[in-house]
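*Asks:* how would this look folded up:
(2 chains)
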There are 2 protein chains.
Amino acid sequence: MKKYDKVVKNAAGRQVPTIINGEEHVPFMGVGKHKPAGRKYAPRIASCADYPEDGNKEVSSLKEALINAGLRDGMTISTHHHFRDGDLIANQIFDIAHELGVKNLRWFPSASFPCHGHLIPYLEDGTINRIEGSMNGALGRFCSEGKMAGLGVLRSHGGRYQAVQDGEVQIDIAVIAAPTADSFGNANGVNGSAACGLLGFALADSQYADKVIVVTDNLVPFPAIPWQIHGNYVDYVVKVEQVGIAEKIISGTTKITKSPDRLLIAEMTARFCEAVGLIHDGFSYQAGAGGTALSIGNYFGDILRKNRWKARFIRAGSNKYPVEMLEEGLVEYILDGQTFDMEGIRSMRENPNHVWTSPFTSYNYHGKGNFASLVDVVVLGATEVDVNFNANVVSHSDGYLLHGIGGWQNTLFGKTTILPVPLFRDRIPVIRDEVTTLCAPGEMIDVIVTERGIAINPLRKDLITKANGIGLPVKTIQELKKEAEAICGVPDKPNLSNEIVAVIKWVDGTVLDSVYKVLE
Amino acid sequence: MKKYDKVVKNAAGRQVPTIINGEEHVPFMGVGKHKPAGRKYAPRIASCADYPEDGNKEVSSLKEALINAGLRDGMTISTHHHFRDGDLIANQIFDIAHELGVKNLRWFPSASFPCHGHLIPYLEDGTINRIEGSMNGALGRFCSEGKMAGLGVLRSHGGRYQAVQDGEVQIDIAVIAAPTADSFGNANGVNGSAACGLLGFALADSQYADKVIVVTDNLVPFPAIPWQIHGNYVDYVVKVEQVGIAEKIISGTTKITKSPDRLLIAEMTARFCEAVGLIHDGFSYQAGAGGTALSIGNYFGDILRKNRWKARFIRAGSNKYPVEMLEEGLVEYILDGQTFDMEGIRSMRENPNHVWTSPFTSYNYHGKGNFASLVDVVVLGATEVDVNFNANVVSHSDGYLLHGIGGWQNTLFGKTTILPVPLFRDRIPVIRDEVTTLCAPGEMIDVIVTERGIAINPLRKDLITKANGIGLPVKTIQELKKEAEAICGVPDKPNLSNEIVAVIKWVDGTVLDSVYKVLE
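*Replies:* Prediction:
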């Protein structure tokens, strides 16, 4: 099977394959232009007659569960990433597959982490054909160097839900590691020693996979409450010693930045939002869990407090900072897709206004709407931005694929999307003539905030007008680019082959861009 | 279109049509014998591009929503019954359909109530072809007298979910009346002046209907929390003055019986359960909301208290009695499908251990298991039982169809099912040679408790052994029947035509029995 075939130029002007790992895909047609015509994927109808009457679906080991689920060559195996770098289960699945001599698997994680570097030998020996999901660290490097047998496919969290819902990716076996579960398969992430908050990234997998295995180290009597995953979708339950490493579940990035440049960017972002009237009583925002974003959230808190306003909701990735705002009464709800620290988990467990969401509610573009477009202000990071406001979040300027898309593409549908980015990193300018990898069409990005000035997308005439005379350095994006190049020089182009190693999907399942093999 | 065709004898020995309202159906094949081969119903894939970016799906009236949803001849319109006799919306739908001259609709409620007698003129003039759902009171009488154009189809709550999930019933427009909603369509039943507790009976409708309309009298800013119904499934939202009549939402049956005979039956039931060891620390039970069942729950509470035991969960239909047990700590969880009084609603709103369920989690036989078979003791009512332990819950002995199946059939899968029934009602014996309408095959019923003795199904040898010498009057069912007939005489057979007016579905979608036209 060819990794890819039939490369065409899509509506963003990018060369993309339309045959990917033997299957047909639609090239990007423009934002909101591709209209799905089909019907959702229809899983097999089950019958209670085939499941234990006492509800006990426990089997003795993950190996037994995988064998019972019919593990065989060419299958698609899915996992979720709520344990982040503390995941202990995904590697075991492929250890077992390797032991059983199963080949040519598609691993379909909601994201992969450095701990999954363990899987590189299985990518080399044919146990795993390819990863469809974010590839961070060593796996990204492996893929970037053209070593993966199949083509990588990167999807946003919402795009992953869409792909499963629409039957674009058919999951044979979903393995859902859970901090707490009962033997019927009801599972949650709020309780247990490996508590990770929620299990929303596994929702699509539970609903649509042919076989579903829940793995837990905290098996409680029925009912495991809350049931973030419904046992009614689950085939087998496995009890293990340890499902995740608690201290690695917590993200390392969740501290407010101390860098003076980044603090300046954060402050400018917040001042800009306040000055142009983006913040008001009842407003909503989403900011990432990185240091700059957290700092912006703090400034937003100050503005709310000063005006005696209350935000209606924060869309999160939560950690202690949004939780403090919730508990102080500065915000009414946190609508949370993943918790980044223990305070986030505690709050989600205890506070009914700290609500667990899923890629279905928040991000699925093939739903009857989703939450993303209801958010007033969205603050995101980027590795590169170009003079047409196109943005990149997956690759570095040397061409290496080193990050996942996450919910990034999905949140772009917020009412105003702001990218606070440094003008350069390690003396490499962030604003380019053209992004190395296109993850966001420029029309989706409204504002770029750097330490030396703010650029507003010309499409946002309303913001340009409002920003007039607010005392902040509003510049054109070309001006910002020139300033960076004046300091760092014009950056080299990355040294790339024309061989495609991965593709970037847009939220509607179309192919937005290709990632190319990096030459030495 | 013929109402029905091709009548055959099914595995229960009952004559049932296999062509119903022009569509093919499978006759009952025995409990657990029918294995579904197909795939779930696949709704159309939607796109956010077709929904308002600001998430506001509000339209000005129910009429506008129905027109936008494409209301036309022959469609299937669904509603839920959480408002019970206080429902104000279902009648309006058909008033509008009648006004627009739309004909031949299938009404697919999760249940109908006396207030829906309003619809009889529409059944007469062809606006509504038939009701598929329980028909209580005047509607049951109308159907029983052969006046409905189409054939009635009665399903259990779980069977209704199964029928929608499997595509046996394809809903064109679901109208979900909600005590609270936001303009995105997120909705719940716990808040608002017409609070009804939960909206689980509308879950399948929201997931699988082509168009979904949420109607509310309490429109709150996004997000309406909790979202028992996901706005991501919703097409239109309508704000009305009043969605339900609060005082009629509460069921009238939720008072402990004062009848000495019924109290005796309740006490005997509880004593039996205790004596044969059905009640233990961590046990679970489900009892209805009728007076006898409530009284049994109270006795169960006494037994738990006395032994310092704790029930793991009560499956409910909740009201103040299970809530008191939860708050006293006699039970850890209430797993609730519908709330029957204000205390039930309050508890569900406030107490995270009072959990809302749905026909999907609790009852869907075409899932990977459901909760029903995990319940230790199930206590149910019946209109008739026969000497083979077959039971009837929908028709009276005069042949009139006057009740729905509700969750009754689904709960039969509990570990021990007990029917506490009076030996006779209005001098008509309850135990018969053959039930008028078969709703439960005899193998599903374990124990009959009457005021004059207890009959145990011969299949339950374990219970017969344990009941030996417990000091309760254990008799054969034939003995009980004779005692009743000695007092009341042998009852007349109902005066029925051989024309079929409705069918009773089993939990797996097969046809269990037919309901016949009553002759004057």
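*Asks:* in space, what's closest to A:G152 - neighbours in sequence excluded?
*Replies:* A:A502 (3.1 Å; C-beta to C-beta, 6 or more residues apart in numbering or on different chains). The way it works is simple: take the backbone N, C-alpha and C, and place the C-beta from them, glycine included.
*Asks:* actually A:E483, not the one I typed
*Replies:* A:R452 is the one closest to A:E483 (C-beta to C-beta, 6+ apart), at 5.5 Å.
*Asks:* what does A:N91 give?
*Replies:* A:H118 (4.6 Å).
*Asks:* ok, the one you found to chain B distance?
*Replies:* 31 Å (C-beta to the nearest C-beta, to the nearest Å).
*Asks:* how about A:H80, phi and psi?
*Replies:* Dihedral pair for A:H80: phi -110, psi 170, per degrees, to the nearest 10.
*Asks:* residues in contact with it?
*Replies:* A:H80 is in contact with A:P109, A:S110, A:I176, A:A177, A:L199, A:F201, A:A202, A:D205, counting by C-beta atoms under 8 Å, 6 or more residues apart in numbering or on different chains.
*Asks:* select from the residues you listed the one having the most neighbours.
*Replies:* A:A177 (32 neighbours; other C-beta atoms under 10 Å in any protein chain shown).
*Asks:* and it, helix, strand or coil?
*Replies:* strand (DSSP: H, G, I helix; E, B strand; the rest coil).
*Asks:* over to A:G150?
*Replies:* Per three-state DSSP, A:G150 ends up coil.
*Asks:* pull the number of nearby residues for it.
*Replies:* For A:G150, using other C-beta under 10 Å, the count is 24.
*Asks:* give me every residue that touches it.
*Replies:* So A:G150 contacts A:M1, A:K3, A:N21, A:R106, A:N129, A:R130 (C-beta under 8 Å, 6+ apart).
*Asks:* which of these are buried?
*Replies:* A:K3, A:N21, A:R106, A:N129, A:R130 (16 or more other C-beta atoms under 10 Å in any protein chain shown).
*Asks:* what is the nearest of the contacts of A:H80 to B:A440?
*Replies:* The closest of the contacts of A:H80 to B:A440 turns out to be A:I176 (C-beta to C-beta; 35.6 Å).
*Asks:* what does the stretch 401-520 of chain A have sitting close to chain B?
*Replies:* A:F413, A:K415, A:D508 (C-beta under 8 Å from any C-beta of the partner chain).
*Asks:* how does it look with 10 Å?
*Replies:* When proximity is defined by C-beta under 10 Å from any C-beta of the partner chain, the stretch 401-520 of chain A lies next to chain B at A:N410, A:F413, A:G414, A:K415, A:V507, A:D508, A:G509.
*Asks:* verify the contact between the third one and A:Y363 for me.
*Replies:* No - counting by C-beta atoms under 10 Å, no contact exists between A:G414 and A:Y363, whose distance comes to 11.5 Å.
*Asks:* shared neighbours of the two, which are they?
*Replies:* A:R315, A:F371, A:A372 (C-beta atoms under 10 Å, 6 or more residues apart in numbering or on different chains).
*Asks:* narrow these to those that are buried.
*Replies:* Buried by 16+ other C-beta under 10 Å: A:R315, A:F371, A:A372, out of those.
*Asks:* now, those that are in strands?
*Replies:* Of the positions in those, A:R315 sit in strands, assigned by DSSP state E.
*Asks:* so which of the buried ones among the shared contacts of A:G414 and A:Y363 is the closest to B:S156?
*Replies:* A:F371 (34.5 Å).
*Asks:* is the residue in the stretch 151-300 of chain A positioned nearest to chain B in a helix, a strand, or coil?
*Replies:* Nearest residue of the stretch 151-300 of chain A to chain B: A:N232, at 4.2 Å (C-beta to the nearest C-beta). Secondary structure state of A:N232, per three-state DSSP, is helix.
*Asks:* and what of A:A293?
*Replies:* helix.
*Asks:* returning to that earlier point: now the two most distant members of the contacts of A:G150.
*Replies:* A:K3 and A:R106 (12.8 Å).
*Asks:* mutual contacts of the two, please.
*Replies:* A:N21, A:N129, A:R130, A:G150.
*Asks:* what is the least confident helix or strand in chain A?
*Replies:* Within chain A, no helix or strand scores below helix A:246-249, which has a mean of 86 by mean pLDDT, DSSP states H and E.
*Asks:* and that helix, what other elements does it pack with?
*Replies:* helix A:342-350 (3 or more C-beta pairs under 10 Å, 6 or more residues apart in numbering or on different chains; DSSP states H and E).
*Asks:* list the buried residues for the helix it packs on?
*Replies:* Buried, per 16+ other C-beta under 10 Å, within helix A:342-350: A:M342, A:E343, A:G344, A:I345, A:R346, A:S347, A:M348, A:R349.
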